[in-house]
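1. Sequence and predicted structure below; questions after.
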Amino acid sequence: MSHSKILILDFGSQVTQLIARRVREAHVYCEIHPCDVSDDFVRNFGADGIILSGSHASVYEEETDKAPQAAFELGIPVLGICYGMQTMAQQLGGKVEAGHKREFGYAQVRARGHSALFRDIQDATNAEGHGLIDVWMSHGDKVTELPGGFKVIASNDTTPIAAMADEDRKFYAVQFHPEVTHTKQGQAMLERFVLEICSAKPDWVMGDYIAEAVANIKAQVGNEEVILGLSGGVDSSVAAALIHRAIGDQLTCVFVDHGLLRLNEGDMVMEMFAGRLHANVIRVDASEQFMGKLAGVSDPEAKRKIIGGEFVEVFKAEAAKLKASGAGHKGATFLAQGTIYPDVIESGGAKSKKAVTIKSHHNVGGLPEQLGLKLLEPLRDLFKDEVRELGVALGLPRDMVYRHPFPGPGLGVRILGEVKAEFALLLQRADAIFIEELRNTVDEKSGKTWYDLTSQAFTVFLPVKSVGVMGDGRTYDYVVALRAVVTSDFMTAHWAELPYSLLGKVSNRIINEVRGINRVVYDISGKPPATIEWE
Ligand SMILES: Nc1ncnc2c1ncn2[C@@H]1O[C@H](COP(=O)(O)OP(=O)(O)OP(=O)(O)O)[C@@H](O)[C@H]1O
Ligand SMILES: O=c1[nH]c(=O)c2[nH+]cn([C@@H]3O[C@H](COP(=O)(O)O)[C@@H](O)[C@H]3O)c2[nH]1
Ligand SMILES: NC(=O)CC[C@H](N)C(=O)O
Ligand SMILES: [Mg+2]
């Protein structure tokens, strides 16, 4: 089945992924590709429209990225955002200069000249009755001369050409970022571009997608066998359910207990999959192996790489065992993973080489090659909320599908510095108390539990000791930090405004019930500048 699709060319902005999120929210399929793809790639992609992302670079530097010229020659609409606008201007004969004033954060622009992009989009009016739009800016450079055929469609004092368009060719460009939620009507603008200007069909709907995905899996796998890394998290669980629907017993799930799981998680996962869904699940206790390799290591990136490496080792061993076991098994030729689109993008898979790596996620990368297995990643194109929609459509319990995400390295990145088994035990218990209270406390206003009102919540173990007093005695024990965030895409996040009474109760319970912890703090950092996990 062929869908409408939008091609997003990435120049390395940290928020390119949000452009894709917004387009998908409009139920239009899109893909992000590096800006230096070939002209042929662009011609053959079959896009209904193209969006050019922002970048940290400046177009007037000596060596800068340009959009493939084909993007402007196919007769399809193009939207340039920030750097994307600047390179569009320069490539089409306009001029870009370094500004004297940087604009970073909230700004207002005045829409001008009745463009299709801004029609009826307005947040306020100025004294003369002109429509104003609230936007989010992040730039130092600006377009100072329009390319031929273009007109100004928005401006403000700092940036007289804040948006421009050549409506005959359907080229549009904005200096601000419609993809971030701070641009209040950003979604409306992107929908306008995608649905109206590009005439893309909103045909990307998860319920309909199951049949397509099942058919693809069947075609790809044939009568071969698949093993899948099952974590009990949302992504791998939905992947397992989807693949199970497609090929049944040709699927074997491998659940690795690395000793850094949440309290009782191992049993729960087994109960769910082997017990309820009747899928083949092998549980591997590899905690000694992981903990041994992590001993003495405290650098976060080094820890992540070790954990990633050990996952590979365990999978190799299990794949070999499966082959050897006979038991009706021919041996797996495919490895399935719950990799989702943000994993691909954040690991640099679809990002231009110029973006900075913030964290190495453990799951994407050389795995199947080392295993001699082919890769099966049926969720690779989906964002988290699409995966959840798919999970519900597949009939997985809501509880499981709406669980907070849990990173593959698990408590390994929530115990700061060196990972020790004794720290993991303390952290598991403290974290279980926090989660239990979040699940049990209902917010009166919304009627929802605080677990559902937060996107991710967990406890972090700090390997520092502080002095306390308990039962008239002195304590000298460890500190844990509670972390709870609200986010829709995990790219940016706000710390959750949990009620003081809830925080108080959690703190009391942890200090009373978990001997070894005598202080609890609450993390009130947003992302950015902090990240969600502490490592
Ligand atoms: N303990 C584990 N055992 C086996 N595979 C794992 C384990 N932890 C992670 N993986 C593999 O790594 C992939 C990526 O982990 P990730 O945390 O991103 O996804 P998830 O656990 O499926 O979902 P969620 O993001 O909701 O936690 C998983 O889909 C799974 O294939
Ligand atoms: O499967 C995973 N493997 C990893 O290595 C990993 N690192 C971070 N995360 C999760 O990603 C989201 C964003 O986290 P950060 O703000 O800490 O980068 C949050 O949801 C994190 O829990 C990971 N998930
Ligand atoms: N966010 C961006 O795309 C910035 C583009 C360019 N570096 C500027 O400062 O204007
Ligand atoms: Mg997980």
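-> The structure has been received and is ready for your questions. Ligands and ions are numbered 1, 2, ... in the order given.

2. give the contact list for whichever residue of the stretch 101-250 of the chain sits closest to ligand 1.
-> Closest to ligand 1 within the stretch 101-250 of the chain is residue 233: 2.2 Å, counting by CB to the nearest ligand atom. (C-beta placed from N, C-alpha, C; glycine too.) Applying CB atoms under 8 Å, 6 or more residues apart in numbering, one finds that residue 233 lies in contact with 338, 403, 405-406.

3. so which of the residues you listed also contact ligand 4?
-> Among the contacts of residue 233, the residues lying close to ligand 4 (CB under 5 Å from the ion) are residue 406.

4. And the contacts of residue 233, which two are furthest apart?
-> Pairwise distances across the contacts of residue 233 (CB to CB) peak at 12.8 Å, for the pair 338 and 403.

5. how about the residues of this protein near ligand 3?
-> Within the chain, the residues that sit near ligand 3 (CB under 6 Å from any ligand atom) are 13, 54-58, 82-83, 138-141.

6. What is the neighbour count of the closest residue to residue 153 other than its chain neighbours?
-> Nearest non-adjacent residue to residue 153, counting by CB to CB, 6 or more residues apart in numbering: residue 115, 4.0 Å away. Residues lying near residue 115 (other CB atoms under 10 Å) number 20.

7. if I look at residue 115, how far off is ligand 2?
-> Look at residue 115 and ligand 2: by CB to the nearest ligand atom, to the nearest Å, they are 36 Å apart.

8. Backbone dihedrals for that residue, please?
-> phi -80, psi 160 (degrees, to the nearest 10).

9. any idea of the pLDDT on it?
-> At residue 115, the model reports a pLDDT of 95.

10. Contact partners for it?
-> Residue 115 touches 153, 163, 165, 167, 172, counting by CB under 8 Å, 6+ apart.

11. which one among those gets closest to ligand 4?
-> Distance to ligand 4 across the contacts of residue 115 (CB to the ion) is lowest for residue 172, with 38.5 Å.

12. Secondary structure of that closest one: a strand, I assume?
-> Yes: secondary structure of residue 172 (DSSP: H, G, I helix; E, B strand; the rest coil): part of a strand.

13. Pop out the phi and psi values for residue 504.
-> Dihedral angles (degrees, to the nearest 10) for residue 504: phi -60, psi -40.

14. joint contacts of residue 338 and residue 403?
-> 233-234.

15. Between these two, which is the more surrounded one?
-> Taking neighbours as other CB under 10 Å, residue 338 and residue 403 compare with residue 338 leading, 25 against 16.

16. I figured that one hits residue 232, correct?
-> No: between residue 338 and residue 232 there is no contact under CB atoms under 8 Å: 10.3 Å.

17. The residue of the stretch 351-500 of the chain found nearest ligand 2: neighbour count?
-> Distances between the stretch 351-500 of the chain and ligand 2 by CB to the nearest ligand atom are smallest at residue 407, namely 3.2 Å. As a burial measure, residue 407 scores 23 neighbours (other CB under 10 Å).

18. quick one: it and residue 533 touch, right?
-> Yes: applying CB under 8 Å as the test, residue 407 and residue 533 come out as touching, 6.2 Å apart.

19. Which neighbours do the two have in common?
-> Counting by CB under 8 Å, 6+ apart, the residues touching both residue 407 and residue 533 are residue 413.

20. And the residue in the chain sticking out farthest from the centre, its phi and psi?
-> Here the chain reaches farthest from its C-alpha mean at residue 472, the gap being 47.6 Å by CA atoms, centre = their mean. Main-chain torsions, residue 472, degrees, to the nearest 10: phi 70, psi 0.

21. could you measure it against residue 504, distance?
-> Separation of residue 472 from residue 504 (CB to CB, to the nearest Å): 22 Å.

22. Packing partners of the top helix by length along the chain?
-> The longest helix of the chain (DSSP state H) is helix 300-324. Using 3 or more CB pairs under 8 Å, 6 or more residues apart in numbering; DSSP states H and E, the elements in contact with helix 300-324 are strand 225-229, strand 251-257, strand 280-285, helix 287-294, strand 332-336, helix 367-371.

23. Okay then, goodbye and thanks.
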